[in-house]
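Enquirer: Provided below are the primary sequence and the corresponding predicted coordinates.
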Amino acid sequence: MAAKRLLALWVILCVLLEAKATSLGATQNPEDAVSVALKQNDEFYEHKGRLCKKCPAGHSVFQHCKSSGTEGVCHPCENNKFSKYLNDFERCLPCTECRPLDEVALQPCTATSDTQCACKSGTFCSPGLPCETCHTCTTRCPDGETMVQPCTPESDMQCAKAPGPADATSQTPAAGSNGHVLLILGILACVALVVVAVAVGICKCRTKDSRKGSVTSVWDSKIFRGLRRKCTRRPQEVEVLWDVQVNQRIQSSSLEHVNSNARGSETTPLQTTGSSEEVQVSTEQRRNLVPANGKDQMTALRLSFDVFIKEVPLKDWKRFMRALGLLDNDMDAIALMHVGDMKEQQFQMLRTWHDMNGKGASLGSLLEALCNMDLKGIEDKIRAVLITQDLYVLEE
């Protein structure tokens, strides 16, 4: 009985000592623990080695914080100025002024939102495009056409060919033959399913052949892997990639034929192997990029801004920003704050995009936007520069 009591006392003593040691270790470096936690939070920004809390929307930074994890002094935006998001701006952005000649204000400027302008009645301007002035709406459709949509502040009048007597006559029997149309559509759908099934079967057979040493089947399977790893996944892009891969294959086959005539058939396996290696390199380059050397995501993304500013052509910059979701009013306001300093304007636009998206902002979003703009060459160059500068590495 005494032995059991001694054992219980020993266990309780060990637990108390371990808890005490844990609490002491946790309090040795409190500043380091706070710093690591704050770096993962988009509500903070770095200033002179300290992590300060950003000011809320409708405010700007009047005085930066004096210790990490605290908020500095935030002042409300003055009249005719605003800030939409959490920010570390030292001045609020100026409100947009609607053009008095051809625009009206749909929503006035507030401390947290910019003025919303629209073209006056009878004029329009297409969204997403630079609008220096509103265009006059079309007043009537051409002869033989009728209006299908009236003019709005964002689009001109839409016209379509008016149905004539012959069209009305031809539509009458069509209404009575809906059953035949549905039958034809059903047959076409069945044929399409059969074609897809046959194609899948062929792919599987080629994959099995590749395990037995078929070089051509291996080449085909790597093409399909390359297609699946393309950044945009759009049908148009897949078609373009397919055409490129097919052209490369044709060129490679032609080169093999010429070499075989000149040096004999022994060189053919070497040429085919080279093609397979090139496709493998292409698919390797499509892997995701992750921050290098343990950098946190926010720091690596901000450091990459300079690479995008340098590599994206200036003529495509505003289109790039629109693809990321920035409005023309936002870009114009930033340009007014940094007149004459183009690189600073571009940096502030990227920072505004980052603040808008918070944790949703990522390097992949920037690269995908370039792909969607058909700037694939620029996207590849930026990938290479980020890896060369040791900012990012290929994901394992």
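Expert: Received it, and whenever you're ready, just let me know what you need.
Enquirer: Tell me which residues of stretch 363-370 come out buried.
Expert: Buried residues in stretch 363-370, counted by 16 or more other C-beta atoms under 10 Å: 363, 365-370. To be clear about C-beta, it is placed using only N, CA and C from the backbone, and glycine gets the same treatment.
Enquirer: Now do that stretch: everything it contacts.
Expert: With C-beta atoms under 8 Å, 6 or more residues apart in numbering as the contact definition, stretch 363-370 has outside contacts at 231-232, 288-289, 300-301, 304, 308, 312, 320, 323-324, 357, 376, 378-379, 382-383, 386, 392.
Enquirer: Go ahead and build a ChimeraX selection from the buried members of these.
Expert: Buried residues among the contacts of stretch 363-370 (16+ other C-beta under 10 Å), as a ChimeraX selection:
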select :231,232,289,300,301,304,308,312,320,323,324,376,378,379,382,383,386,392
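Enquirer: Quick check: helices, which of the contacts of stretch 363-370 are part of them?
Expert: Using DSSP state H, the subset of the contacts of stretch 363-370 located in helices is 300-301, 304, 308, 320, 323-324, 357, 376, 378-379, 382-383, 386.
Enquirer: now the residues you listed in a markdown table, with distance to residue 182 and pLDDT?
Expert: Converted to a markdown table, the ones in helices among the contacts of stretch 363-370 look like this (distance: C-beta to C-beta, whole Å; pLDDT from 0 to 100):
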| residue | distance to residue 182 | pLDDT |
| --- | --- | --- |
| 300 | 56 | 89 |
| 301 | 53 | 92 |
| 304 | 54 | 93 |
| 308 | 52 | 95 |
| 320 | 47 | 94 |
| 323 | 41 | 94 |
| 324 | 45 | 94 |
| 357 | 46 | 92 |
| 376 | 42 | 88 |
| 378 | 48 | 94 |
| 379 | 45 | 93 |
| 382 | 51 | 94 |
| 383 | 50 | 93 |
| 386 | 54 | 93 |
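Enquirer: could I get the residues you listed as JSON lines with distance to residue 93?
Expert: Listed next are the ones in helices among the contacts of stretch 363-370 as JSON lines, based on distance: C-beta to C-beta, whole Å:
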{"residue": "300", "distance to residue 93": "27"}
{"residue": "301", "distance to residue 93": "22"}
{"residue": "304", "distance to residue 93": "24"}
{"residue": "308", "distance to residue 93": "22"}
{"residue": "320", "distance to residue 93": "20"}
{"residue": "323", "distance to residue 93": "21"}
{"residue": "324", "distance to residue 93": "18"}
{"residue": "357", "distance to residue 93": "18"}
{"residue": "376", "distance to residue 93": "34"}
{"residue": "378", "distance to residue 93": "29"}
{"residue": "379", "distance to residue 93": "30"}
{"residue": "382", "distance to residue 93": "28"}
{"residue": "383", "distance to residue 93": "33"}
{"residue": "386", "distance to residue 93": "30"}
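Enquirer: quick one on the thing from earlier: possible to save the buried residues of stretch 363-370 as a markdown table with secondary structure, pLDDT and distance to residue 51?
Expert: Shown next, in a markdown table, are these (DSSP: H, G, I helix; E, B strand; the rest coil; pLDDT from 0 to 100; distance: C-beta to C-beta, whole Å):
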| residue | secondary structure | pLDDT | distance to residue 51 |
| --- | --- | --- | --- |
| 363 | helix | 92 | 22 |
| 365 | helix | 92 | 24 |
| 366 | helix | 94 | 24 |
| 367 | helix | 94 | 28 |
| 368 | helix | 93 | 30 |
| 369 | helix | 94 | 29 |
| 370 | helix | 94 | 31 |
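Enquirer: any idea which of those residues is the one closest to residue 346?
Expert: Of all those, residue 346 sits closest to residue 366, with 12.5 Å by C-beta to C-beta.
Enquirer: what about the helices in the protein?
Expert: 2-26, 30-39, 165-176, 178-211, 215-228, 235-263, 268-284, 297-311, 317-324, 328-337, 342-357, 363-372, 376-388.
Enquirer: low-scoring stretches of the stretch 151-300 of the chain, by residue?
Expert: Applying pLDDT under 70 to the stretch 151-300 of the chain flags residues 164-179, 201-286.
Enquirer: Pop the domain breakdown of the protein in here.
Expert: Domain assignment for the chain, taken from automatic domain parsing, gives 37-113, 121-161, 219-286, 289-394.
Enquirer: quick one: residue 44 and residue 110, what's the gap?
Expert: Noted for residue 44: a distance of 26 Å to residue 110, by C-beta to C-beta, to the nearest Å.
Enquirer: Neighbour count for the two, which is higher?
Expert: Between residue 44 and residue 110, residue 44 has the larger neighbour count (other C-beta atoms under 10 Å), namely 23 against 13.
Enquirer: Tell me who's in contact with the more buried one.
Expert: Residue 44 makes contact with 38, 51-54, 69, according to C-beta under 8 Å, 6+ apart.
Enquirer: Repeat the analysis, applying 10 Å as the threshold.
Expert: By C-beta atoms under 10 Å, 6 or more residues apart in numbering, the contact list for residue 44 reads 37-38, 50-54, 65, 68-71, 86, 88, 298.
Enquirer: Looking at the residues you listed, which are in strands?
Expert: Mapping the contacts of residue 44 onto strands (DSSP state E) picks out 50-53.
Enquirer: top of the residues you listed by neighbour count?
Expert: residue 52 (24 neighbours).
Enquirer: measure the nearest residue to that residue once chain neighbours are set aside to residue 55 for me?
Expert: Among residues not flanking residue 52 along the chain, residue 65 sits closest, at 3.7 Å (C-beta to C-beta, 6 or more residues apart in numbering). Distance of residue 65 to residue 55, computed by C-beta to C-beta: 11 Å.
Enquirer: again with residue 93
Expert: Distance, residue 93 to residue 55, by C-beta to C-beta: 13 Å.
Enquirer: Overlap in contacts, these two.
Expert: Common neighbours of residue 93 and residue 55 (C-beta under 10 Å, 6+ apart) are 77, 83, 87.
Enquirer: The last one contacts residue 53, correct?
Expert: The reference is to residue 87. No: counting by C-beta atoms under 10 Å, residue 53 is not a contact partner of residue 87; they are 11.2 Å apart.
Enquirer: which residues do the two both contact?
Expert: Among the neighbours of residue 87, those also in contact with residue 53 (C-beta under 10 Å, 6+ apart) are 45, 74.
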